[in-house]
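Quick check, what structure comes out for this input:
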Amino acid sequence: MAHMMTTTFRDEGEEAWKLKLHIGCGGIYLNGYMNIDIQGSTVSGPGDVPDENKSRVDEYYTVAGSMSKLPKSRDVYVDKRCSFTNTGLAVNSVDKIVCVQTLEHVSYYDARVALLHWWNIMKAGAPLLLSVPDSAATLEMLLKGDDRESIVRLLQGSLKDSYAAHLSWYDEDTLVSLLTDMGFCKISKLPNPHFYPAITIRAEKYDPYIADRSYQQPMPTHLMGRVLDVGPGTYPHPKATHFLDLEERDDLSPGVFTQFDLDQCRRKKLPYGDNYFEYVHASHVIEHLKYPRPAVRELQRIGKYGYIEVPGIAKDLFLQFGEEHNHWDCVWGPKGELVMIRRREEILPLYSQAKSTLGRHMHIATHSLVNTLDEDQIGIRKHFWENQHLLNIWTDWTPESDPKIKVMG
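Sure thing, here's the model as predicted:
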């Protein structure tokens, strides 16, 4: 696990994030966060909170800050009083979660429930800052004969009320394994801000449907000019300056949009000059066309460099379900070329059968921005998107080479 040598829990630019949670806040009310605990007085805002309770994330949770000694006992003020296993917040709505010395107060089962809930309400790539007591290091202290009373306090909790018992113990491997199982990634160890042994970790929600396009051929780094994204879909190419699609789009700003049916390339040219674009990106587009040959020729004419990707027949069989969506079955050729075979009428019943048997799982794999997923479904989604290099077929071109495509039918 990598070490991240930051001295605070603050993320650069987080002031602009709309919804940041401080879960298990206790007596520390973080400005700019929604402070959540299972007990305490609910307030309408910071104005209702005593000054001694209020702090900033980079003031309180810092190596050089007040976590270097026992925190002062304070009354608890919350923006939302609830169990952190069910906050009632919307799926894909939370920009960041900070949870310090809280997860150990619930069972391992409830910890999994909590992390699953957090994964669902967090946005893709949102950070989780998590700290729990380091039980392995604490037991080592016990074996060395250190202060037994303090060690027992660390292992069992303060027991000052019904929520103050430690119901689970963690070492570093256990915590990292748990986070990984529950769909978190980029797990880094932070310096310990406490005076006692603790594991402090930063992780991110991993949703490869949004985040992982690493299998795709990257755009050459030296290209600095115009970039055309053909059929941009839900997640346009991040460097696109121009967009082209069959239907009108009003959600692709900034960028110049052109509405054009690529099947019309049989009769007319695309409305751009030769080599107008430095780069043309066409991902999951040409398999929808009745006439891909002239469209590919036009894309190559207008772009110096380009990339074309289509679903392989296995992916198409399980996801697209029939000729109404795609007209071609695509496979790798013996020389590494993209081979497009016109779909035959007799194969369509296979698509209907796949739809009836696997449709629910494939929907989970590809559409969960508004759905709550369970642990198994996160696993399905992760496995599906991590294996895109086995499910898609691609080709590219440069000024010196043509795309390797063979169209049959």
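
C-alpha from now on. contacts and neighbour counts both.
Noted.

Helices of the stretch 301-409 of the chain, start to end?
Using DSSP state H, counting those that start in this stretch, the helices assigned to the stretch 301-409 of the chain run over residues 313-319, 348-366, 375-386, 388-391.

My error: substitute the stretch 1-150 of the chain in the last question.
Here the stretch 1-150 of the chain has its helices, by DSSP H, counting those that start in this stretch, at 57-60, 108-121, 135-143, 148-156.

Could you check how far Asp181 is from Leu139?
Separation of Asp181 from Leu139 (CA to CA, to the nearest Å): 26 Å.

should've said Ile313
Relative to Leu139, and taking CA to CA, Ile313 is found at 55 Å.

More neighbours: those two, which one.
Neighbours per residue, other CA atoms under 10 Å: of Ile313 and Leu139, the larger number sits with Ile313, 20 against 16.

Contacts only, for the more buried one.
The contact partners of Ile313, taken as CA atoms under 8 Å, 6 or more residues apart in numbering, are Asp329, Cys330, Val331.

Using pLDDT, spot the least trustworthy of those residues.
Of all those, Asp329 carries the smallest pLDDT score, 84.

In this structure, what helix or strand scores lowest on average pLDDT?
Taking mean pLDDT, DSSP states H and E as the measure, the helix or strand of the chain with the lowest value is strand 2-3, at a mean of 52.

quick one, strands of the stretch 151-300 of the chain?
For the stretch 151-300 of the chain, the strands defined by DSSP state E, counting those that start in this stretch cover 184-189, 198-205, 227-230, 242-245, 256-259, 277-283.

what's the closest of the ones you listed to Val132?
strand 198-205 (5.5 Å; CA to CA).

Report all helices and strands that that closest one contacts.
Under the contact criterion of 3 or more CA pairs under 8 Å, 6 or more residues apart in numbering; DSSP states H and E, strand 198-205 touches strand 127-133, strand 184-189.

Highest mean neighbour count out of those strands?
Comparing these by mean neighbour count (mean count of other CA atoms under 10 Å), strand 127-133 ranks first with a mean of 24.

packing partners for it?
Judged by 3+ CA pairs under 8 Å, 6+ apart, strand 127-133 is in contact with strand 96-100, strand 198-205.

Among those, show the one with the smallest mean pLDDT.
Of all the helices and strands packed on strand 127-133, the segment with the smallest mean pLDDT is strand 198-205, scoring a mean of 91.

List of residues touching that one?
Here strand 198-205 makes contact (CA under 8 Å, 6+ apart) with 119, 122-135, 171-172, 179, 183-192.

what's the offset of that strand from the middle of its chain?
Centre-to-centre, strand 198-205 and its host chain are 16 Å apart (CA atoms, centre = their mean, to the nearest Å).

Likewise for stretch 280-294?
The chain centre lies 28 Å from the centre of stretch 280-294; the measure is CA atoms, centre = their mean.

Equivalent analysis for stretch 187-196, please.
Distance of stretch 187-196 from its chain centroid, counting by CA atoms, centre = their mean, is 24 Å.

From the opening residue of that stretch to its closing one, how far?
With CA to CA applied, stretch 187-196 spans 22 Å between its terminal residues.

Likewise for stretch 31-48?
Start-to-end, stretch 31-48 (CA to CA) is 12 Å.

switch to numbering from 58
Sure thing, new numbering starts at 58, so read that last one as stretch 88-105.

if we look at that stretch, which residues are touching it?
Defining contact as CA under 8 Å, 6+ apart, one finds that stretch 88-105 is touched by 72, 76-83, 86, 106, 111-114, 132-141.

related to what we said a few turns ago, tabulate the helices of the stretch 58-207 of the chain (CSV), appending distance to Ala297.
What follows is those, written out as CSV (distance: least, CA to CA, whole Å):
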stretch, distance to Ala297
helix 114-117, 36
helix 165-178, 29
helix 192-200, 49
helix 205-213, 53
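
got any ranges where the stretch 308-457 of the chain has weak pLDDT?
Scanning the stretch 308-457 of the chain with the threshold set as pLDDT under 70 gives 374-382, 402-428.

try it again with 80
310, 371-383, 400-429, 431-434, 436-446 (pLDDT under 80).

same thing with the stretch 58-207 of the chain?
For the stretch 58-207 of the chain, the stretches flagged by pLDDT under 80 are 58-65, 117-130, 198-207.

measure the closest residue to Ser130 other than its chain neighbours to Pro254 for me?
Nearest residue to Ser130 in three dimensions, chain neighbours excluded: Gly84, at 7.1 Å (CA to CA, 6 or more residues apart in numbering). Gly84 sits 21 Å away from Pro254, going by CA to CA.

Give me the more crowded residue out of the two.
Shown here are Gly84 and Pro254; by other CA under 10 Å, Gly84 has more neighbours (20 against 17).

so that one makes contact with Val133?
Yes: with contacts counted by CA atoms under 8 Å, Gly84 reaches Val133, the gap being 4.5 Å.

quick one, domains of this protein?
The chain breaks down by automatic domain parsing into domains covering 59-263, 269-465.

Give me the contacts around stretch 353-360.
So stretch 353-360 is in contact with 322, 326-327, 329-337, 343, 363, 454, 459, going by CA under 8 Å, 6+ apart.
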